[in-house]
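Asker: Okay, here's the prediction I keep looking at, along with the sequence it came from:
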Amino acid sequence: MNAPLLEVENLVKDYALPREKLLEAPGKVHALRGVSFTIEAGRSLGVVGESGSGKSTLARLVMALDQPTSGRVRLLGKDLHALPREALRSARRDFQMVFQDPYGSLDPRQAVERIVSEPLAAQGASREEQRERASEALQAVGLRPNDLRKYPHEFSGGQRQRIAIARALITRPRLIVADEPVSALDVSVQAQVLNLMQDLQAEFGITYMLISHDLAVVQHLCDDVAVLWQGRIVEQGPPGRLFAQPLHEYTRSLVEAVPEPEPPAGSPLATRFQSRG
């Protein structure tokens, strides 16, 4: 059998609290308490849980943006947190991130071409290659090459998230970590972005690790789901089984907390996650 694309092994992350008393050791927040999972190439894992469960901390550790207290993150067999700085910079070609806020994650002072080509520039690519690949990435997400000369404020929220996805695509990564990629978007735009992510996965073979609190988003995009609670994975499995027959009490509470509105037939809310056939 081929090795998994991503292996997370017994990941622990503690944060020290400010010292409250001079003669007492500072307290700790245990953000992650021994998280382990694997993701096979071409598949998608959704990580769900309430605020404070450790989802964003997990994303930062997988992206090697923060150091774990203990544990390992292996991508393509390489321990990311053990790599020297230059080797990690080179390895970043294979993993990129899409952030939650489609405007805050884009520098408003930079043109789209500079924003999208930034990861490629960090790899030492020539300006000609950066421009060519940025144009290809924009077209892959449904935007025009002429948009390279524009600035983020000239686009809608959904278009800005497409730009963020184009930036993640430009190095042709194997893994994209998406932290709440549609939570800041209107309902009618969410489905467009999620369908785009599905299309890109089918076209380029991308593997996603999707961080979300929205069970419907995870069910739409992911092959497997891990439920994170108080820094631990308490249940994992296919979304159809997990949400229909949750085994852990916390998973059941998440499923029961999902609102069940009855929107008018044909409205964006009623149809946003329907299959396109």
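Answerer: Alright, I've got the coordinates. As the structure is a prediction and not an experimental result, all values here were calculated from the model.

Asker: residues in contact with stretch 119-138?
Answerer: Applying Cβ atoms under 8 Å, 6 or more residues apart in numbering, the contact partners of stretch 119-138 are 89-90, 92-93, 96, 112-113, 116-117, 144-145, 147-148, 163, 166-171. To be clear about C-beta, it is placed using only N, CA and C from the backbone, and glycine gets the same treatment.

Asker: repeat that for 7 Å
Answerer: Here stretch 119-138 makes contact (Cβ atoms under 7 Å, 6 or more residues apart in numbering) with 89, 93, 96, 113, 116-117, 144-145, 147-148, 166-167, 169-171.

Asker: Also stretch 71-81?
Answerer: Stretch 71-81 is contacted from outside by 3, 5-12, 61-62, 64, 67-68, 88, 91, 94-95, 174-175, using Cβ under 7 Å, 6+ apart.

Asker: if we can go back for a sec, so which of the contacts of stretch 119-138 are in strands?
Answerer: Cross-referencing the contacts of stretch 119-138 against strands under DSSP state E gives Gln96.

Asker: Mind giving me the ChimeraX select for the contacts of stretch 119-138, buried ones only?
Answerer: ChimeraX command restricting those to the buried ones, with burial defined by 16 or more other Cβ atoms under 10 Å:
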select :93,96,113,116,117,147,148,166,167,169,170,171
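
Asker: Identify the farthest-apart pair in the contacts of stretch 119-138.
Answerer: Based on Cβ to Cβ, the longest span within the contacts of stretch 119-138 runs between Arg89 and Arg144 and measures 31.0 Å.

Asker: What's the local residue count around Gly231?
Answerer: If you count neighbours by other Cβ atoms under 10 Å, Gly231 ends up with 22.

Asker: Repeat that for Asp79.
Answerer: For Asp79, the neighbour count with other Cβ under 10 Å is 13.

Asker: got the contact list for Val47?
Answerer: Lys55, Leu58, Met209, Ile211, Ala226, Leu228.

Asker: Paired strands for the helix or strand hosting it, with orientation please.
Answerer: If you go by DSSP states H and E, Val47 is part of strand 44-48. The pairing partners recorded for strand 44-48 under DSSP bridges are strand 207-212 (parallel), strand 224-229 (parallel).

Asker: Is it possible to get a markdown table of those strands that adds distance to Asp107 and mean neighbour count?
Answerer: Formatted as a markdown table, these follow (distance: least, Cβ to Cβ, whole Å; neighbours: other Cβ atoms under 10 Å):
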| stretch | distance to Asp107 | mean neighbour count |
| --- | --- | --- |
| strand 207-212 | 23 | 25 |
| strand 224-229 | 31 | 23 |
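
Asker: Save the ones you listed as JSON lines, and put in mean pLDDT and distance to Arg33 too.
Answerer: Putting the strands paired with strand 44-48 into JSON lines (pLDDT from 0 to 100; distance: least, Cβ to Cβ, whole Å) gives the following:
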{"stretch": "strand 207-212", "mean pLDDT": "95", "distance to Arg33": "17"}
{"stretch": "strand 224-229", "mean pLDDT": "96", "distance to Arg33": "10"}
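
Asker: Of all these, which one is nearest Pro181?
Answerer: Across the strands paired with strand 44-48, closest to Pro181 is strand 207-212 (Cβ to Cβ), at 7.3 Å.
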